[in-house]
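**Student:** fold the following, please.
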Amino acid sequence: MGGNLMDQMFFAAEVLLNGLMTGVMYALVALGFVLIFKASGVFNYAQGVLALFAALTLVGIQQGQVPFAHMINAMFGTHIEHFGWTVPSVLAILLTGAVMVLLAFLIEKLVLQHLIGQAPIILFMATIGLAYFLEGLGDVMWGADIKNLDVGLPQGISETIETATAEWFGYGFFIDRLDIWATLIAALLVAALVGFAQYTKQGRAMRAVADDHQAALSVGISLRFIWVMVWSIAGFVALVAGVMWGTKSGVQFSLSLIALKALPVLMLGGFTSIPGAIVGGLVIGVGEKLFEFFVGPMIGGATENWFAYVLALLFLVFRPQGLFGERIIERV
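**Tutor:** As a prediction, this is how the structure comes out:
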């Protein structure tokens with residue numbers, strides 16, 4: 001009996017550790033939403049599609065794939081697929097980052113510039129249109145087939161952690177090395193984003209733009225620069241998220257659905273809070289893993305699919321602004 005209890009405790013500890021690592025990834029995805037919301041006051045529906053587009057572009061550049069190859073072949077009867085070379089992972093990531101910055105500039109120039117001073121619902125509808133446009137563009141540019149993404153990150157069970165935990169506790173933890181690297185990279189990026197938003201001049205300007213577009217313009221803040229900067233950062237966050245999730249499960253169009261997992265995180269932490277996104281991500285990551293471990297077997301399993309949304313619903317009922325969000329009071 002005692003041995004079984006100890007095994008359950010060690011297994012729960014392993015589940016907890018996996019939950020923390022998953023939570024860091026959720027927090028990273030949620031931060032992309034928070035940054036856009038703080039700069040424009042709108043929920044960016046296109047954030048998940050940005051991750052998909054970044055991952056598709058990275059694979060295409062890596063493999064030397066010809067953009068719009070399917071359309072070119074259909075129009076001219078050719079059979080062009082690849083340039084005939086491959087690009088190293090580091091260079092491919094840098095080139096993809098440049099593409100995301102260019103995309104941010106185009107979004108500001110063609111979409112956001114014409115919506116200054118508009119109601120948040122107008123901006124939100126614009127991001128919905130942008131999401132579907134980018135999804136279609138990614139399909140036309142790179143094709144809709146599932147792609148393997150490999151940027152050189154280690155994969156497989158970490159024998160070092162398994163051996164060390166077996167020696168210390170008598171129970172070896174099975175932790176994927178890709179999850180460890182993804183957690184470390186995501187944690188560093190989260191820390192850098194927090195420092196940027198809280199302690200730099202550009203971060204303060206970003207918060208000013210979120211409060212009032214016209215007031216920010218009147219004190220000399222370039223709204224165009226702030227929006228390009230924030231969308232570039234969100235694009236880079238999407239690139240990192242796309243690389244991590246794409247490496248783990250392949251680059252496919254369902255990758256854009258990772259944005260849906262960020263919604264409960266934002267509802268818990270608050271749409272305007274960077275620390276809230278971090279805490280919310282950890283709470284969701286750990287909560288869904290432990291709930292699946294302890295309660296899942298009693299009710300048939302598969303609780304990870306809905307646990308986060310039920311928890312978010314409870315927060316909407318009892319604390320709509322989230323753990324760290326600001327309570328908004330409007331007088332009429």
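
**Student:** which residues in the stretch 151-300 of the chain form helices?
**Tutor:** 159-169, 177-199, 201-211, 213-218, 223-249, 258-269, 274-294, 296-299 (DSSP state H, counting those that start in this stretch).

**Student:** and the second one, what's buried?
**Tutor:** Spelled out, it's helix 177-199. 177-183, 185-187, 189-190, 193-194, 196-197 (16 or more other C-beta atoms under 10 Å). Using the backbone N, CA and C atoms, a C-beta is placed for each residue, glycine as well.

**Student:** any idea which of the residues you listed is least confident?
**Tutor:** Among those, Ala197 carries the lowest pLDDT, at 78.

**Student:** now that residue: how far from Ala216?
**Tutor:** 16 Å (C-beta to C-beta, to the nearest Å).

**Student:** one step back: closest one to Asn73 among the helices of the stretch 151-300 of the chain?
**Tutor:** helix 223-249 (25.2 Å; C-beta to C-beta).

**Student:** same question for the closest one, mean pLDDT?
**Tutor:** 87.

**Student:** how about stretch 321-332?
**Tutor:** 63.

**Student:** may I ask which helix or strand of the protein has the lowest mean pLDDT?
**Tutor:** Lowest on mean pLDDT, DSSP states H and E among the helices and strands of the chain sits helix 159-169, with a mean of 67.

**Student:** got any ranges where the stretch 1-150 of the chain has weak pLDDT?
**Tutor:** 1-7 (pLDDT under 70).

**Student:** ranges for the helices of it?
**Tutor:** Using DSSP H, counting those that start in this stretch, helices in the stretch 1-150 of the chain cover 2-40, 47-62, 69-76, 89-110, 120-142.

**Student:** buried residues, the shortest one. List them.
**Tutor:** Buried residues in helix 69-76, counted by 16+ other C-beta under 10 Å: Ala69, His70.

**Student:** can you tell me what sits against that helix?
**Tutor:** Val66, Thr78, His79, Ile80, Glu81, Val140, Gly143 (C-beta atoms under 8 Å, 6 or more residues apart in numbering).

**Student:** ok and it relative to helix 120-142, angle-wise?
**Tutor:** Going by axes from the mean of the first three to the mean of the last three C-alpha atoms, to 10 degrees, helix 69-76 is angled at 70 degrees with respect to helix 120-142.

**Student:** pick out the residue nearest the middle of the chain.
**Tutor:** Val29 (2.3 Å; C-alpha atoms, centre = their mean).

**Student:** so what's it up against?
**Tutor:** Applying C-beta under 8 Å, 6+ apart, the residues near Val29 are Gln47, Gly48, Ala51, Val237, Ala241, Ile258, Ala259, Lys261, Ala262, Val265, Gly281.
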